[in-house]
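S.K.: Output the structure for:
(one chain, ligands or ions: 3)
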Amino acid sequence: MTEQPLLDIRNLYLDIKTFDGTSHVLNGVNLTLRRGAVMGLVGETGCGKTLTGLSVSRLVATPPGNYPRGEIWFDGQDVMNMSEAQMRKLRGRRIAMIFQDPATNLNPVFKISEQMIDVALHIVAETGDTSLLGKSTSAGGQRQAARQRSIELLEHVGIADAARRIDGYPHEFSGGMRQRVLIAMALLGQPQLLIADEPTTALDVSVQAQILRLFNGLVKEFNLSVLLITHNLGVVAQLCDEVAVMYAGNIVESGAARRVFKTPSHPYTQGLLRSIPTPQTKRGELEGVPGNIPNLIHPPGGCRFAPRCPKAMPVCDTTFPAMTALEPDHQLACYLYTKETGTQTNADKRR
Ligand SMILES: Nc1ncnc2c1ncn2[C@@H]1O[C@H](COP(=O)(O)OP(=O)(O)O)[C@@H](O)[C@H]1O
Ligand code: SF4
Ligand SMILES: [Mg+2]
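M.R.: Ligands and ions are numbered 1, 2, ... in the order given. Okay, the predicted model is just below:
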C-alpha cells in the first residue's frame, strides 16, 4: 500500500476579485508532498507559488479570494472544509510558515525573547497542547519553559550564546541571524510541514548557503517535510528531493528533482533551466524564457504557456493538457507528450 502523502493538493482553483476584474490565479493545481520530502516549488514571479503556499494554511482572505473547486488534504484531513477553530490548531503548530523578509516578520520594538515566548504560549493556548512546554501548568512555569525551549531552538539553529542574545532586539541581529530566529520560531510548534517562501532571497549569497545548509540538517533532525518556494532553481538543485514547476497558476512539470533536472521536458522548465548562468555563460548569451506571464484576468484559453512556447500547436490554444506520467517519478502537462486534454478548461471553469 502506498503511504498517504502529508500534503495533497488536488485540482485547486483560486480566483481573486480585483479592481480590474476577476483574476484566475490558480488554475487546477495538483501537488503531492511525501512525508519527509523536501519539495521545491519553482516558477517566475507571479506564477502563484505564494498563493499556493498560503492556501495550504487557508491564509488567503475570502473574499476577495474564492475557491471555485479543488481540495487540500493535510495528513488525511480536509483543509478546505475545516472550521476556523480547527485551522488555528493547524497553523503554527503542525504547519509552520517562513517568509522572505525576516525584517518584516519580527516586530522591531520587542525583544526576541518576548516574541518567541508569545508565539509558544499562543500555540499552547490555541491547541490546548501543554506538552509542548513540559509539565508545568502555572502561567509562570509555562513562560519559563517557553523561554527555555526558545533558547534551545536558537542554539539549534546556530545562534551562539543564545541565553544572552535572546534578550536582544531584532535590529541587533544580521539578516541571516534574523532568518535563523524565524526558523527557530517556526520550530516552536514542532511542525510536520514547513512552508518556506523565498527564505533566502533577501540574504547575501554567502548567507543564503549557510541557511540552506541549516535547512538540510533540520529536515532530518526534526523529521520535517518542506515545501520550499523559490524562483531560484539553483536552490532547488542543492536542497530538494522533488520539484514542482509552476507556470501561471498550474503545475506544469513535477517529479524527482534529479530526474527533472536531468531530463527537463516541459518547454517552460527547459526555458527556466536555460536561464541559469554557468561559469561558461558569456555576456548576452543567456536565453531564458522570452516574454512575460499572461494577464490572469483574461488568461489564454488552453495551455497558459502557449503564447511564449516555441513548440505550440493549434491544440494548445483550446484546452489545458492533462498531467501525464513520463516515468513513475516524473509528470508533466504538455501536448508534446499526451493527446489527452485536462479535466478542466478555463472555459469550463468560468461557466
Ligand atoms: N491579494 C491579491 N489580489 C489580487 N491578485 C493577487 C493577490 N495576490 C497575488 N495576486 C496575483 O496572483 C498571481 C500570483 O501571485 P503569487 O502567488 O504571489 O506569485 P509568486 O509567489 O509565484 O510570485 C500574481 O499575478 C499576483 O499579481
Ligand atoms: S502544451 Fe503546447 S503550448 Fe503548452 S507547453 Fe506544451 S507544446 Fe507548449
Ligand atoms: Mg511569492
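
S.K.: Could you list every helix and strand in contact with the helix or strand that contains residue 326?
M.R.: Per DSSP states H and E, residue 326 falls inside strand 323-327. Secondary-structure packing of strand 323-327 (3 or more CB pairs under 8 Å, 6 or more residues apart in numbering; DSSP states H and E): strand 250-256, strand 330-333. Every C-beta, even on glycine, is put in place using the N, C-alpha and C of the backbone.

S.K.: now the angle from that strand to strand 250-256?
M.R.: 20 degrees (axes from the mean of the first three to the mean of the last three CA atoms, to 10 degrees).

S.K.: can you give me the strands in the protein?
M.R.: Secondary structure of the chain (DSSP state E): strands at 7-18, 21-33, 38-42, 65-66, 71-74, 77-78, 95-98, 193-197, 225-230, 242-247, 250-256, 323-327, 330-333.

S.K.: and residue 61, how many neighbours?
M.R.: Other residues within reach of residue 61, judged by other CB atoms under 10 Å, total 9.

S.K.: which bits of this protein sit near ligand 2?
M.R.: Within the chain, the residues that sit near ligand 2 (CB under 6 Å from any ligand atom) are 266-267, 303, 305-306, 309, 311-313, 316, 321, 334-336.

S.K.: Show me the residues you listed that map onto helices.
M.R.: residue 267 (DSSP state H).

S.K.: By neighbour count, which of the residues of the chain next to ligand 2 wins?
M.R.: Ranked by neighbour count (other CB under 10 Å), those have residue 303 at the top, with 28 neighbours.

S.K.: Please report the number of neighbouring residues for the residue nearest to residue 132 when sequence neighbours are not counted.
M.R.: Nearest residue to residue 132, sequence neighbours excluded (CB to CB, 6 or more residues apart in numbering): residue 124, at 5.8 Å. Neighbours of residue 124 under the rule other CB under 10 Å: 20.

S.K.: Am I right that residue 124 is in contact with residue 133?
M.R.: Yes. Counting by CB atoms under 8 Å, residue 124 touches residue 133, with 5.9 Å between them.

S.K.: what's the overlap in contacts for those two?
M.R.: residue 142 (CB atoms under 8 Å, 6 or more residues apart in numbering).

S.K.: Pull the contacting residues for residue 292.
M.R.: residue 308.

S.K.: Distance-wise, check it relative to ligand 2.
M.R.: From residue 292 across to ligand 2, the span is 15 Å (CB to the nearest ligand atom, to the nearest Å).

S.K.: now swap in residue 21 and tell me
M.R.: Using CB to the nearest ligand atom, we find residue 21 at a distance of 24 Å from ligand 2.

S.K.: thought that residue was touching residue 299?
M.R.: No. Between residue 21 and residue 299 there is no contact under CB under 8 Å: 11.4 Å.
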